[in-house]
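> Make a model of this:
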Amino acid sequence: MLSKSQISLIKSLHLKKFRKTHNLFIVEGIKSITEFINEEYVLHSIYYLPEMSSKVVNFLRILKGNEISSDELNKISTLTNPQGVLAVFRIPHHNLKVEDLQNKFSLALDFIQDPGNLGTIIRTADWFGMDTIICSMDTADIYNPKVIQATMGSLARIKVFYCDLKEWLPKCSLKIYGAVLDGESIYESDFGNEGIILMGNEGSGIQADLMPLISERITIPRFGRAESLNVAISSAIICSELNRKIKKT
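Take a look at the predicted model:
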């Protein structure tokens, strides 16, 4: 049975300010929890329904779990239909070093607000072998439960940093490729073997104060009549073209 303090702590982690205060975040579902454990994230606590006992055996070798009722899980879960097991992990801390970004491509995200978009971008980066994403301070929180769910466990393998892009980008010493509507076609651009791909806000694109920092403006050419592309889809198309060109060279 969960205590009031346990319920209070876990429910508080639904909100960014308390995740930051406690340095903890929630992951739900066997697959996603397994991904974080495999990447050596520190497990703080785990809660599961009786019928999930056989599926959480490996987790319980790491840390004693808490068998709870459906009513209790509904109280602490962030999902409309909980997946039977919920884990709390400690938030890791990494240092952003420019030298770690050399000889590869990384994504920079400017004011990406939708958690689903952010989660999908993280999953896409993982699919295409990227391991680093740099976010503006006003981008959605990667430990938002909706982001966690959208990444399908990929967040466990991606290092994500938050910083003031206007201050950081000039110091990174790498070429900045900005995704805009009027840039050079990605199919004609020569990306070389390293750089930062800057993606802008869902509605307004890259903010005006970052535009002068772009080394090369790139775009996905339009063949139809749609006004714009979803930022997560755009990120996937650009990452795919980058990988195609890297493999050809």
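> now the helices: where do they sit in the chain?
Taking DSSP state H as the test, the helices found in the chain are 4-12, 16-22, 30-38, 57-60, 70-76, 115-127, 145-151, 165-168, 231-248.
> Can you pull out the residues in contact with the first one?
The reference is to helix 4-12. Contacts to helix 4-12, defined as Cβ atoms under 8 Å, 6 or more residues apart in numbering, come from residues 18, 21-22, 24, 26, 45, 47, 66, 72, 75-76, 86, 88. All C-beta spots, glycine's among them, are computed from the backbone N, C-alpha and C.
> cutoff 6 Å now
For helix 4-12, contacts defined as Cβ atoms under 6 Å, 6 or more residues apart in numbering pick out 18, 75-76.
> Quick check on those residues: which are buried?
Ile76 (16 or more other Cβ atoms under 10 Å).
> For Leu109, state which of the contacts of helix 4-12 is nearest.
The closest of those to Leu109 turns out to be Phe18 (Cβ to Cβ; 23.5 Å).
> Poorly predicted segments of the chain, please.
249 (pLDDT under 70).
> Which strand runs longest in it?
Counting by DSSP state E, the longest strand found in the chain is strand 176-185.
> Provide the contact partners of that strand at residue level.
169, 195-199, 206, 213-219, 221.
> on that earlier part again, just send the contacts of helix 4-12 back as JSON lines, with distance to Ala140 too.
Converted to JSON lines, those look like this (distance: Cβ to Cβ, whole Å):
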{"residue": "Phe18", "distance to Ala140": "16"}
{"residue": "Lys75", "distance to Ala140": "25"}
{"residue": "Ile76", "distance to Ala140": "22"}
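> Looking at the contacts of helix 4-12, which is nearest Glu188?
Closest to Glu188 out of those is Phe18 (47.7 Å), distances taken as Cβ to Cβ.
> need the contact list for Trp175.
Slight slip there: residue 175 is Lys, not Trp. By Cβ under 6 Å, 6+ apart, the residues touching Lys175 are 195, 215.
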